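> I would like to see how this sequence folds:
(one chain, ligands or ions: 1)
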Amino acid sequence: MKRIICAIVATLLLLSLSASFIGCEDETVEESSQAAESKTESSATEESKLDESSTVTENSSTAESSDATESTESSEGEESSQPEESSKPEESSKPEESSQPEESSQPEESSEPEESSQPEESSKPEDPVTSIKDNPEYANVALNKTYTKSDLHPNSSSPSYPDEGNKTMTDGKIATGGYSDAAFMGYNSNTDFYRFNGYAYVRVDLGAVYELDKFVAHVATDKFAAAGIYTPEFVRIRVSNDGKEWYTAGATSHKNTTTESVLATTLELEETVTARYVEYRIVVGAPGWAFICEVEAFGIKAEKAVAYPAEDIVKILMIGNSTTYYFSVPDKLTFIAESAGLNIEATYCTIGSAYLSYFADPSSVHGKLLTEKLAADKYDYIVLQDNSNADYASVKSSLDKLIPILTKSQPQAELLLYERYSSNTDPSQRPISGKRLHNAYVQIAKDFNIEKHAHVSDAFLICYEKYPSIELHHTDNSHHSHAGAYLIGLVLASEFLGVDIDDVTYTAGLDDATVKALKDVAKIACTEGYNFK
Ligand SMILES: [Ca+2]
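All right, here's what the predicted structure looks like:
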């Protein structure tokens, strides 16, 4: 009590002393709020977009048809019709980011006796002095710079949402109208590039090396969910001084909204990085469209390029189909592992409907994709996930061909089995096909001496029984949902990487009760497993 009174007195004293410094706080506040939140007065144009909205819906339904994969088990369509799935991206995972810079300018922080026992507090007051934000040159240095990008549209029937003269992303114009505002560019999770890689990208050449501390992408929100347009789950920011060596600076976060048209998903760094090139990897929310109208990078001219910190990173290659890329399972795994203190990088090698045998044929699209991914990096782990129609004999015959290719190219990599869930659209059949899948993967693990085997089929079966209200399947009633992807990520993180599920703070924007239930399910699946009758 005495300490608190002392602290208050000290604070009051300090407040009066430091009143003259308060002005400098405004600058910081201004920085963080310059997100340029939408002006929603559009709507006049809204009707004229009806035709466009049908284009969007059309395209998003074609999205599925190529996933015909689990043909007998899955039905196609409507990736885009579930607005609520993606309505809570991981804002909760990094709430403190945007508020951190200001802390240091609050005078009372340093005056409280108990604060001084925390070593990091005492170093904070220096930040504003060294911050590049204080430099009068500090600005969005991506403005009007050139860029390259991944493909925008899934097929030729979709002429909408183009890039206007390859300038839309950096022309300073932020959409203020509906989703047909020409300021938007559209990315769709059904493009080949997206499905093979798990992201779409915009790569800006700043023209010179800059010192940067903040990255923003202005994106359309779930306000347009009915048209199949969703807020991206996040944008991963990668930077490079030379266009060859890349460094992952982090991922953006935001508070989702359904009332505003546009939000600024933002990454703010505590330590600056230098870069000439900035890559924005857009990871869509619900499968469907993501609309972007501007990317920004804030900083000042750098005197010289500074080498990136050495990354102690676990690299994982994930080979499979939509059961891996749907709702970005590799990214869910990454965030789950990162929140528990592991630094991992998960690379997609995925094509809708693929069987593992397809990847063993070097002349096929699948085989070429695998060859490219194997040549690109050295992986610590390679995850194998087969089509749900592949029975034990089929998986075994695929792996007889595929494993020699993998071990020849990546002798250091440990193979891991992702025991996939049943994608049967008839819930009453899932225990039967779930058991079949479980048994097949157990036998495969023995045959090929694969030690780590993620019991995802077990987890789904446990969840259906213990928490029937949690919807693990998407609106097609076949693929997994956003919550399903989170559960898969938990099981993979625990069984592949040894992550303690209790240490996981990432929530994927799911509510507390759902996160608690899914963690409970994952723990049971990874220890006892499902009680197959
Ligand atoms: Ca723009």
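
> any residues of the chain in contact with the ion? List them.
Neighbours of the ion within the chain, by Cβ under 5 Å from the ion: 171, 173, 293-294. From N, CA and C alone the C-beta is placed, and that goes for glycine too.

> could you work out the most separated pair of the residues you listed?
D171 and C293 (9.2 Å; Cβ to Cβ).

> can you check the pLDDT for P162?
Here, the pLDDT recorded for P162 equals 72.

> and it, how many neighbours?
Residues contacting P162 under the criterion other Cβ atoms under 10 Å number 15.

> of the residues of the chain next to the ion, closest to K396?
C293 (49.3 Å).

> what are the phi and psi values for that closest one?
phi -120, psi -10 (degrees, to the nearest 10).

> any idea how far it is from A182?
Going from C293 to A182 by Cβ to Cβ, to the nearest Å gives 9 Å.

> Three-state assignment for the nearest residue to K452 once chain neighbours are set aside, please.
Using Cβ to Cβ, 6 or more residues apart in numbering and skipping residues adjacent in sequence, the residue nearest K452 is L416, 4.8 Å away. Using DSSP: H, G, I helix; E, B strand; the rest coil, the structure places L416 in strand.

> picking up where we left off before, ok, D171 and C293, which is more surrounded?
Using other Cβ under 10 Å as the criterion, D171 and C293 rank with C293 on top: 24 against 15.

> contacts only, for that one.
Applying Cβ atoms under 8 Å, 6 or more residues apart in numbering to C293 gives the contacts 168-169, 173-175, 181, 183-185, 218-220, 262.

> which ones are touching the closest residue to the ion within the stretch 1-150 of the chain?
The minimum distance from the stretch 1-150 of the chain to the ion, using Cβ to the ion, falls at L143 (9.7 Å). By Cβ under 8 Å, 6+ apart, the residues touching L143 are 170, 172, 296.

> only whichever of the residues you listed are buried, select them in ChimeraX.
Of the contacts of L143, the buried ones can be selected in ChimeraX as follows, counting by 16 or more other Cβ atoms under 10 Å:
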select :170,296
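
> need the contacts of L143 in a markdown table with pLDDT and distance to T266, can you?
Converted to a markdown table, the contacts of L143 look like this (pLDDT from 0 to 100; distance: Cβ to Cβ, whole Å):
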| residue | pLDDT | distance to T266 |
| --- | --- | --- |
| T170 | 97 | 17 |
| G172 | 97 | 17 |
| E296 | 98 | 9 |
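
> re the thing from before, kindly reformat the residues of the chain next to the ion as TSV containing pLDDT and secondary structure.
As requested, the residues of the chain next to the ion are exported to TSV (pLDDT from 0 to 100; DSSP: H, G, I helix; E, B strand; the rest coil):
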residue	pLDDT	secondary structure
D171	96	coil
K173	95	coil
C293	95	strand
E294	97	strand
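
> out of the residues you listed, who's nearest K214?
Of all those, E294 has the smallest distance to K214: 13.7 Å, by Cβ to Cβ.

> how is this protein carved up into domains?
53-93+138-301, 314-527 (automatic domain parsing).

> which of those has the lowest average pLDDT?
If you rank the domains of the chain by mean pLDDT, domain 53-93+138-301 sits at the bottom with a mean of 80.

> run the chain-centre distance for it.
11 Å (Cα atoms, centre = their mean, to the nearest Å).

> list the buried residues for the host helix or strand of Y201?
Per DSSP states H and E, Y201 falls inside strand 200-220. Of the residues in strand 200-220, 200-204, 206, 209-220 count as buried by neighbour count, 16+ other Cβ under 10 Å.

> got it, and stretch 279-289?
Those would be 279-289, for stretch 279-289 by 16+ other Cβ under 10 Å.

> re the thing from before, the residue nearest to K452: neighbour count?
23.

> equivalent analysis for the one 3 residues further on, please.
Using other Cβ under 10 Å, E419 has 25 neighbouring residues.

> not counting its neighbours along the chain, what's nearest the residue of the stretch 101-250 of the chain found nearest the ion?
Residue nearest to the ion within the stretch 101-250 of the chain (Cβ to the ion): K173, separated by 4.1 Å. Spatial nearest neighbour of K173, chain neighbours left out: A183 (4.6 Å); criterion: Cβ to Cβ, 6+ apart.

> all strands of the stretch 151-300 of the chain, in order?
Along the stretch 151-300 of the chain, counting by DSSP state E, counting those that start in this stretch, strands occupy 185-188, 200-220, 234-240, 247-251, 262-283, 289-301.
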